[in-house]
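Can you look at this prediction? I've put the sequence above it.
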Amino acid sequence: MKRYRFALFLVLSMVALIILADRAKLASAADQPPPPPQHHGGPPPASAIGTTAVANLKPANPKSKLAGTITFTQEMGGVRIVADVSGLKSGKHGFHIHENGECTDSFKSAGDHLNTYKLDHSCPPEQLRHLGDLGNIEVGPDGKGHYDQLVDKISVVDPHHLIVGKAVIVHAGPDDCKAQPAGGSGDRIACGVIQLAHH
Ligand SMILES: [Cu+2]
């Protein structure tokens, strides 16, 4: 009888040991640090505020005097886009970020509008639009245009909404913010690749 008790004791202790070992494994898994946060269009990390990218426009027609510089600065609510252009026909000119960072082949190589979520074309502040929809640059009789808007949904740091490495394009005509897929804004007259600015 004593022998059976001893055997029972042994079996029970082994079961207890197995349970304890399992618990320890679970506890160590729970102690592991959580995965790093993913910024899926959420607010940018504080360290990213002020990060700046730049695009210098080149004209489709090499004889044209068209020129322009566009800066993209990360703010908490999106990207502040400031564009100064000159040498354009007066009136509104469609203004977009296109999906490829290439300005060759009459700027066809820039591809379509940056449209990660496959939405219809519109203009900010409409919420359902292409990520690359920026509206229009308005050019005065002197051929100069200035654009200064805080555009949400895009980022110079968040890989999911990134505009760095894409092309910004100015069109010959106005973007009506309605016609698909690009607002009927006509030819691509200026293009520049968006690149991080180095301080
Ligand atoms: Cu465009």
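Received it, and whenever you're ready, just let me know what you need.

Spell out which parts of the chain neighbour the ion.
Taking C-beta under 5 Å from the ion as the criterion, the chain approaches the ion at residues 96, 169. Quick note: C-beta positions are derived from backbone N, CA and C, even for glycine.

Nearest to the ion: which residue in the chain?
His96 (3.3 Å; C-beta to the ion).

Number of residues surrounding that residue?
Using other C-beta atoms under 10 Å, His96 is surrounded by 30 other residues.

Same check on Ala197?
By other C-beta under 10 Å, the residues close to Ala197 number 13.

got it, and Pro125?
Counted with other C-beta under 10 Å, residues neighbouring Pro125 total 11.

Can you check what pLDDT the model gives it?
Pro125 carries a pLDDT value of 94.

Same question for Ser47.
On pLDDT, Ser47 comes in at 89.

thought the residue of the chain closest to the ion was touching Asp133?
Yes: His96 lies in contact with Asp133 (C-beta atoms under 8 Å); the separation is 6.1 Å.

Can you check which residues contact both of those two?
By C-beta atoms under 8 Å, 6 or more residues apart in numbering, His96 and Asp133 have these common neighbours: 113, 175.

Against His93, how distant is Gly173?
7 Å (C-beta to C-beta, to the nearest Å).

Can you pull the residues that touch both of these two?
Ser185.

Those two - which one has more neighbours?
Taking neighbours as other C-beta under 10 Å, Gly173 and His93 compare with His93 leading, 25 against 17.

Skipping adjacent residues, who's closest to Lys92 in space?
Closest residue to Lys92 apart from its sequence neighbours, by C-beta to C-beta, 6 or more residues apart in numbering: Pro174 at 3.7 Å.

What are the phi and psi values at that neighbour?
Backbone geometry at Pro174, expressed as degrees, to the nearest 10, gives phi -70, psi 150.

got a pLDDT number for it?
We have a pLDDT of 98 for Pro174.

OK, contacts around Gly183?
94, 121, 123, 133, 174-177.

Now restrict those to buried residues only.
94, 121, 123, 133, 174-175, 177 (16 or more other C-beta atoms under 10 Å).

Among these, name the ones in strands.
94, 133 (DSSP state E).

nearest to Leu66, of the buried ones among the contacts of Gly183?
Of all the buried ones among the contacts of Gly183, Leu66 sits closest to Gly94, with 14.6 Å by C-beta to C-beta.
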